[in-house]
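Asker: Task: produce atomic coordinates for the following.
(one chain, ligands or ions: 2)
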Amino acid sequence: MVRFTADHKVYIKILYWGMGASGKTTMVDTLYRLTNEQEKDIKPTGNLTKISMASGSTLYFDRGIFQSTKQRKVFYHVYTVAGQSRFSPLRKKIFKGTDGVIFTVDSQTHFFEDNIESLKELKNVTRGKLIKEIPLIIVLNKQDLTEVIAEEDFKQILKDEKLWYEPDNELYIWNPIIYKTCALWEKKMDVYRSFSECARRTVLYQIYGNGGAPIGDDYTKFSKDLDK
Ligand SMILES: Nc1nc2c(ncn2[C@@H]2O[C@H](COP(=O)(O)OP(=O)(O)OP(=O)(O)O)[C@@H](O)[C@H]2O)c(=O)[nH]1
Ligand SMILES: [Mg+2]
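Answerer: Ligands and ions are numbered 1, 2, ... in the order given. Take a look at the predicted model:
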């Protein structure tokens, strides 16, 4: 839920969701370092908060706060959930108030079913709001490894889960974008781009769709503004 404060600041919550060890924490680490070291549209403010186990696996959540460098009153609260199955009740809590989701897939083919399970849980928690009210971005992470899930395979999963719209549907334009990523700093790939697109969509949903996907007249207005 986008929060507007009395001093006109805007807080947007973006959540990395996905199975254990899919790379959510690594994504946020890389995003933090990248935006700290390079001139990008967001800059971290303060440190990353990480609540993890000795193994490095998240115990509760990670959180980073990023400020838009173009609209300085806009802040992104970026969270990751603890992906291990047993933390399901906790994830539900962390999800509260989320404005945009980056679903982080462990692309290794032997984790195919685990990713689907994680997506089903997300669907359950979001109660039909994905895409319609909460923008969804997919990152097929660990693409640097061999034997990884192909984009088409994941698109089929989205179709099976009714998270993909055909061209005759107004929501077609808000279908999730699927990025092939590597979250590791040394080989990083599309970490910033996937985040940016999620952030952009959450803002568009607010500005043009009044909290939902801009379709119909809202979309016409958005397209006209784009042409200006
Ligand atoms: N090869 C490869 N390894 C990755 C990539 N992203 C993360 N890893 C590794 O995968 C392991 C798990 O990464 P984390 O970022 O802790 O995963 P997580 O999704 O936060 O896991 P939980 O907190 O348990 O839900 C670590 O050893 C990472 O270094 C990637 O893109 N490629
Ligand atoms: Mg983690």
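Asker: Stretch 42-55 and ligand 2, any residue contact?
Answerer: No: Stretch 42-55 is not in contact with ligand 2 by C-beta under 5 Å from the ion; minimum separation 6.5 Å. C-beta coordinates here come from the backbone N, C-alpha and C atoms, glycine included.
Asker: would you list every one of the helices in the chain?
Answerer: With DSSP state H as the criterion, the chain has helices at 24-37, 88-95, 112-126, 151-160, 191-207, 217-227.
Asker: what comes into contact with the last one?
Answerer: This points to helix 217-227. With contact meaning C-beta atoms under 8 Å, 6 or more residues apart in numbering, helix 217-227 is reached by 170, 173, 204, 208-210, 214.
Asker: burial count for the spatially closest residue to residue 202 that is not a sequence neighbour?
Answerer: The shortest distance from residue 202 to any non-neighbouring residue, by C-beta to C-beta, 6 or more residues apart in numbering, is to residue 100 (3.9 Å). A total of 24 residues lie near residue 100 under the criterion other C-beta atoms under 10 Å.
Asker: Next up, the contacts around residue 100.
Answerer: 12-15, 134-137, 198-199, 201-202.
Asker: And for residue 98?
Answerer: Here residue 98 is in contact with 13-15, 79, 134 (criterion: C-beta under 8 Å, 6+ apart).
Asker: So for the residue nearest the centre of the chain, what's the pLDDT?
Answerer: For the chain, residue 102 is the residue whose C-alpha lies nearest the centre (C-alpha atoms, centre = their mean; 1.9 Å). In this model, residue 102 is scored at 99, pLDDT.
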